[in-house]
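**Q** pasting the structure only:
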């Protein structure tokens, strides 16, 4: 039973939805949604032609890229899991929760950009870039899963059973399946992240995607994309527990083969000099004023425009995602589609959600030029693929009355209202993820925070880059906090982030 | 010609027989109570009747299966979705039509839901939700009303009032009930089921409480 006081703090679904739509509409006039390319359709036509005419090229390169992609994902995720075990145990302490939220808030590409300066194009760069944010996410979700576990078995154990025994006999069997499912799901994300790492120069699929796209070799791009889809779609056939040791050995061998010496003076210099704000670096004993000026200039010229553009893009993309999700979920819902239609719907949604938004944005940017339009489309397609999939599946477990309406009436009066609470919860979860991705889109030329970070990196101003990355992380953590409040106040689904 | 003509109907789920060799006819204008213990086959029989003539029946299942996120008004309106063009139904979600609101408010008054028209269903009590479900069925104004335990979550006095008022909305009324008193006082005919078999089929004028006791043994 809710009392009156709690009730007054609740936001109705309708009000929250209207609020977000109004914010997005207010953002629209300030967002750059132009098409800069003069003839985008001509290039799109060429791309469409290439889809029908894929060209394999050198198969060895494709296979090697595939091997590298899988290896980075395997080792990055493995290291993440190993680190997450102690972290999740300590997750009940709030400093640890804060640390994990911070590590999570920095996108793996930003981590990669940092490690690139430290270790160069060494495999370590890719592995750490994946392992750090993944460890933080695993820590959170593992801790949540364990917290929600059925504790009755633990309580029933004899008092003198040791701590570890309690865990292995009482808790682990109960949560094992959830942990496994979630880890496997994150491995799929790891594969996507690993592809993306190619865009900063690591030898994964993304590297070849980018270079062949730049050369206009669309037929080859199409092959690489197909290879990627097949890799994701076939995961359940080749990702078998008993094969994992073999995979890890191969991955280790593949990556270590290319390991080059880490130049330790580089590492030391990066941490002791490069990232120290310029005015107080080394012998320059700049005063407080100079530091304040340094900070003020960056804030005014780069951080503020970056933050504004990041937020504009995020809010628009979030609402477009919401609309597209509501349009696509019926594609896989048994209440609206026959079996054949659902099959096609599943394929469409799988393609939408397995294409990393970064790649999608990259491709669309080549066609439309560096405005926010391609980024919005890319973010909306990827995220609504995920949300549409979850909603569609949920609608399938929904029982309808025998006298229920049909078609659009059923959609508007029955199924969508019943899904709406979960729909909002999913959107709020994706909100923070969309913001993370939006920041990253800057590397592709959209003027979000990532754009300024990339510029600073290229100018070798690592102090500035690091400050901007910190700001990005803080922005992300604030959105996460707001999203948590909204989830609690407007939907009854405050937990279960492991669906996403 | 009878509305329903059942000859030796047998219904089974997963090889369990729920209704066994049931024969009966129902004429237009009858007010029938189907009595029996829970599990006797009342709901199955009602569902079967509904499936025989879905276009002529208003359906009020035992669990009202309402759209929890929508208001009472919209849930009641849903009864008539098929009568209006879809665009009108969609607009009605955003802005309720005055004519429908007036009509639905009258109905809610009869069902003692006055003032609840724009309340979200998930804040209502079980009894109120049940009456909302019944309102949806009545709103359809179909010639036949099929209602499964329509007043089980309502107090006795209100239950009687509501059952009495049903006649105004449908010509033929078939109710699944567990309350013998209501059945005897407000229906013309009683159909008694026990373990899926028809054990009583007689006008209420020929029956007394004692005759119905056998159903509950």
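**A** Received, thanks. Since the model is a prediction, treat every value here as computed from it, not as a measurement. Residues are numbered from 1 along each chain as shown, chains lettered A, B, ... in the order given.
**Q** Please count neighbours and contacts with C-alpha atoms only from this point.
**A** Fine.
**Q** Where does the prediction get shaky in chain A?
**A** When residues are selected by pLDDT under 70, those of chain A lie in A:1-10, A:284-286, A:491-500.
**Q** Show me the longest helix that occurs in it.
**A** In chain A, taking DSSP state H as the definition, the longest helix is helix A:59-89.
**Q** What helices and strands are in contact with it?
**A** Of the remaining helices and strands, those touching helix A:59-89 by 3 or more C-alpha pairs under 8 Å, 6 or more residues apart in numbering or on different chains; DSSP states H and E are helix A:123-147, helix A:172-197, helix A:205-214, helix A:244-257.
**Q** ok, and what's touching the last one?
**A** Put plainly, it is helix A:244-257. When contacts are defined by C-alpha atoms under 8 Å, 6 or more residues apart in numbering or on different chains, helix A:244-257 is touched by residues A:67-68, A:70-72, A:74-75, A:123.
**Q** now swap in stretch B:177-195 and tell me
**A** Where contact means C-alpha under 8 Å, 6+ apart, the residues beyond stretch B:177-195 that reach it are B:18-19, B:30-42, B:148-150, B:152, B:160, B:163-164, B:198-205, B:207-209, B:212, B:215.
**Q** Just the buried ones among the residues you listed, please.
**A** Under a neighbour-count criterion of 16 or more other C-alpha atoms under 10 Å in any protein chain shown, the subset of the contacts of stretch B:177-195 counted as buried comprises B:18-19, B:30-37, B:40-42, B:148-150, B:152, B:160, B:163, B:198-201, B:204, B:212, B:215.
**Q** Now intersect these with the helices, please.
**A** Using DSSP H, B:42, B:160, B:163, B:212 are the members of these that sit in helices.
**Q** and the second one, how far is that from chain A?
**A** Read it as residue B:160. In this structure, residue B:160 and chain A are 26 Å apart, going by C-alpha to the nearest C-alpha, to the nearest Å.
**Q** The first one too?
**A** In this structure, residue B:42 and chain A are 16 Å apart, going by C-alpha to the nearest C-alpha.
**Q** surely that residue meets residue B:174?
**A** No: applying C-alpha atoms under 8 Å, one finds residue B:42 not in contact with residue B:174, separated by 10.8 Å.
**Q** what is in contact with those two at once?
**A** Common contacts of residue B:42 and residue B:174 (C-alpha under 8 Å, 6+ apart): residue B:34.
**Q** can you pull up the bridge partners for the most centrally placed residue in chain B?
**A** Among the residues of chain B, the one closest to the centroid is residue B:147, at 1.1 Å (C-alpha atoms, centre = their mean). In this entry, residue B:147 is beta-bridged to residue B:60, residue B:175, by DSSP bridges.
**Q** That one reaches residue B:59, doesn't it?
**A** Yes: if you go by C-alpha under 8 Å, residue B:147 and residue B:59 touch, sitting 6.1 Å apart.
**Q** Dihedrals phi and psi, the closest residue to chain B within the stretch 51-200 of chain A?
**A** For the stretch 51-200 of chain A, the nearest residue to chain B under the criterion C-alpha to the nearest C-alpha is residue A:148, separated by 25.9 Å. Comment: the main-chain dihedrals of residue A:148 come out as phi -90, psi 0, following degrees, to the nearest 10.
**Q** What about it, how many residues nearby?
**A** For residue A:148, the tally of surrounding residues (other C-alpha atoms under 10 Å in any protein chain shown) stands at 12.
**Q** what does residue B:142 give?
**A** Neighbourhood size, residue B:142 [other C-alpha under 10 Å]: 18.
**Q** Quick check, the residue in the stretch 1-150 of chain A closest to chain B?
**A** Scanning the stretch 1-150 of chain A for proximity to chain B using C-alpha to the nearest C-alpha identifies residue A:13 as nearest, at 8.6 Å.
**Q** Pick the most buried one from the helices and strands packed on helix A:59-89.
**A** Here the criterion is mean neighbour count by mean count of other C-alpha atoms under 10 Å in any protein chain shown, and of the helices and strands packed on helix A:59-89 the winner is helix A:123-147, at a mean of 24.
**Q** which parts of chain B sit against chain A?
**A** B:54, B:59, B:65, B:67-70, B:74, B:78, B:81-82, B:86, B:89-90, B:93 (C-alpha under 8 Å from any C-alpha of the partner chain).
**Q** so of those, which ones are in helices?
**A** For the residues of chain B next to chain A, membership in helices holds for B:74, B:86, B:89-90, B:93, with DSSP H as the criterion.
**Q** Closest to residue A:371 out of these?
**A** Nearest to residue A:371 among those: residue B:90, at 34.9 Å, using C-alpha to C-alpha.
**Q** Need the nearest residue in space to that closest one, chain neighbours excluded.
**A** Distances taken as C-alpha to C-alpha, 6 or more residues apart in numbering or on different chains put residue A:412 closest to residue B:90, at 6.9 Å, once the chain neighbours are dropped.
**Q** related to what we said a few turns ago, what's the most distant pair in the ones in helices among the residues of chain B next to chain A?
**A** By the measure C-alpha to C-alpha, those have their two most distant members at B:74 and B:86, which lie 14.2 Å apart.
**Q** out of those two, which sits in the busier spot?
**A** When residue B:74 and residue B:86 are compared on other C-alpha under 10 Å, the one with more neighbours turns out to be residue B:74, at 26 against 15.
**Q** Mind pulling up the pLDDT for that one?
**A** We note a pLDDT of 93 for residue B:74 in this prediction.
**Q** so it touches residue B:91, yeah?
**A** No: Residue B:74 lies out of contact with residue B:91 (C-alpha under 8 Å); the separation is 11.6 Å.
**Q** For the contacts of helix A:244-257, could you give me CSV that also reports distance to residue A:336?
**A** As requested, the contacts of helix A:244-257 are arranged in CSV below (distance: C-alpha to C-alpha, whole Å):
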residue, distance to residue A:336
A:67, 41
A:68, 42
A:70, 38
A:71, 41
A:72, 41
A:74, 39
A:75, 42
A:123, 48
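**Q** Next, the angle from whichever strand or helix holds residue A:98 to helix A:123-147.
**A** Secondary structure assignment for residue A:98, by DSSP states H and E: helix A:94-105. If you take axes from the mean of the first three to the mean of the last three C-alpha atoms, to 10 degrees, helix A:94-105 sits at 130 degrees to helix A:123-147.
**Q** Next, the buried residues of helix A:94-105.
**A** Buried residues in helix A:94-105, counting neighbours by 16+ other C-alpha under 10 Å, are found at A:96-97, A:100-105.
**Q** and residue A:57, how many neighbours does it have?
**A** Around residue A:57 there are 11 residues (other C-alpha under 10 Å).
**Q** for it, what are its contacts?
**A** Neighbour list for residue A:57: residue A:220 [criterion: C-alpha under 8 Å, 6+ apart].
**Q** show me what contacts the spatially closest residue to residue A:356 that is not a sequence neighbour?
**A** The spatial neighbour of residue A:356 that comes closest, neighbours along the chain excluded (C-alpha to C-alpha, 6+ apart), is residue A:192 at 6.1 Å. For residue A:192, the contacting residues are A:354-356, taking C-alpha under 8 Å, 6+ apart as the criterion.
**Q** from those residues, which is closest to chain B?
**A** For chain B, the nearest member of those is residue A:354. The distance, counting by C-alpha to the nearest C-alpha, is 31.8 Å.
**Q** Surely the closest one touches residue A:230?
**A** No: Residue A:354 lies out of contact with residue A:230 (C-alpha under 8 Å); the separation is 10.3 Å.
**Q** Using ChimeraX, define a selection of the buried residues within the residues of chain B next to chain A.
**A** Here is the ChimeraX command that selects only those of the residues of chain B next to chain A that count as buried (16+ other C-alpha under 10 Å):
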select /B:59,65,67,68,69,70,74,78,81,89,90,93
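**Q** Which pair of the residues of chain B next to chain A spans the longest distance?
**A** Counting by C-alpha to C-alpha, the most remote pair of the residues of chain B next to chain A is B:54 and B:69, 26.3 Å apart.
**Q** Residue A:315: how many residues sit nearby?
**A** Residue A:315 - counted by other C-alpha under 10 Å - has 24 other residues nearby.
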